[in-house]
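Participant: any chance you can model this:
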Amino acid sequence: MVFPHYHYVNLEDETVVNEMELNRKVFVEKYCNGLIIDEVQRMPEVLSTVQVVVDANPNANIVLTGSSNLQLSQKVSQSLAGRTAMLTLLPLAVGELSENDCSLSDFEIMFRGFYPAVWGNGAPASDIYRHYYNTYIQRDIQQIMNVRHLAEFRKFVIISASRVGCEFNARSIADELGMSLPTIQEWMNVLEATYISFRLQPFYRNIGKRLVKTPKIYFYDTGLVCYLLGINNAHQLETHPLRGQIFENMVVTEFLKHRYNHGLDNNLFFYRDRSQREVDVVLDYGLQSLKAFEIKLSPTIHTDFYKNLQYFRSLFKQETLLTQVVNTSTDNNTDSVTGHINYRNIEDLLTKQEKG
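Facilitator: A predicted model of the protein is given here:
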């Protein structure tokens, strides 16, 4: 839709693969003024060909899309450094759902997650995530790294899902699985490199502290979290003990999607002090530009929701531009100090403020 006149090929198509294998350079040169190569991770060697063609044709326009993995990332950095613009495309944002889809309950949206196949094809969410996860384990993980303890790796992924919104304690998980600390750290790096989960760093003005303090773990999609936790439908999620953490996970990723969808870097952090006072999301726009958000799975507002935000504002008086509660209330109040907003309106709120 963005490049309707570009020649499109999909490397999942064996006919295309066979044609390109005959002479990749001739093929890429033929369409280099407007070419989309989808599922490029199926043929990483095409990146070297693109490099040669682009160097010889400065006006070439080539779009490479596909699932990110460690091998592909290394190939891109080696072959196309300085020649590319990289875009990170996460699962759908809430604002990208249709009006009819948005009429579903909050728990149904959380349960379904945001993989396009769930919404576009009408397939049962549990089937989509089961197939995705099994394919991920059986194909992607084995291609990226030789996991000798596959059963333990599966347990690691499930344990990680059970700790969304919590500090990632690699030592604790290593002890629980009977694995070494370096192995757990390596596995977490793999989950991040393959866009299964990510770590949210704590907010400190001292950047050195940010790098050494314990981060929190989140998954890029709540539908996958529900599958891993054995949640079979939205009704089960509504009474699940981790429902608040899963909602928090969904909202945090909405903030992250906003950044990536605008071609911006991740600027998300969380705040926690020694007294365990915590603010769920801190957006750091640079000097004297902070926005802080508390996330609550609640359709109503209580004054207690603002306590940690007020404390955060007292610490960073001159720097804090906005403090708000994000919840499921349909009554939005965008006051910069005591406001609250429905999670479905995060994109609109941030976009309007950033344009202003």
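
Participant: quick check: next helix or strand after the lowest-mean-pLDDT helix or strand in the chain?
Facilitator: Ranked by mean pLDDT, DSSP states H and E, the weakest helix or strand in the chain is helix 207-212, scoring a mean of 58. Next helix or strand after helix 207-212 toward the C-terminus (DSSP states H and E): strand 216-219.

Participant: show me the contacts for the nearest residue to L321 once chain neighbours are set aside.
Facilitator: Setting aside the residues directly before and after it, L321 is nearest to K291 in space (C-beta to C-beta, 6 or more residues apart in numbering), at 5.6 Å. Every residue, glycine included, has its C-beta placed from N, CA and C. The contact partners of K291, taken as C-beta atoms under 8 Å, 6 or more residues apart in numbering, are V282, L283, Y285, T320, L321, L322, T323, Q324, Q353.

Participant: is the fourth one bridged to anything, and to what?
Facilitator: For T320, the beta-bridge assignment (DSSP bridges) gives partners L290.

Participant: got it, and the first one?
Facilitator: With DSSP bridges applied, the residues forming beta bridges to V282 are F269, A292.

Participant: quick one, phi psi at the residue most central in space within the chain?
Facilitator: Geometric centre of the chain, nearest residue: Y220, 3.7 Å, by C-alpha atoms, centre = their mean. Dihedral pair for Y220: phi -70, psi -10, per degrees, to the nearest 10.

Participant: go on, V94?
Facilitator: phi -60, psi -40.

Participant: I'd assumed I109 was in contact with it.
Facilitator: Yes: V94 is within contact range of I109, at 7.1 Å (criterion: C-beta atoms under 8 Å).

Participant: overlap in contacts, those two.
Facilitator: With C-beta under 8 Å, 6+ apart, V94 and I109 have common neighbours C102.

Participant: coming back round to it: from Q41, how far out is the residue nearest to the centre of the chain?
Facilitator: 17 Å (C-beta to C-beta, to the nearest Å).

Participant: cool, and F305?
Facilitator: The gap separating F305 from Q41 is 43 Å, by C-beta to C-beta.

Participant: ok, now I341?
Facilitator: Noted for I341: a distance of 37 Å to Q41, by C-beta to C-beta.

Participant: over to V63?
Facilitator: For V63 relative to Q41 (C-beta to C-beta), the value is 14 Å.
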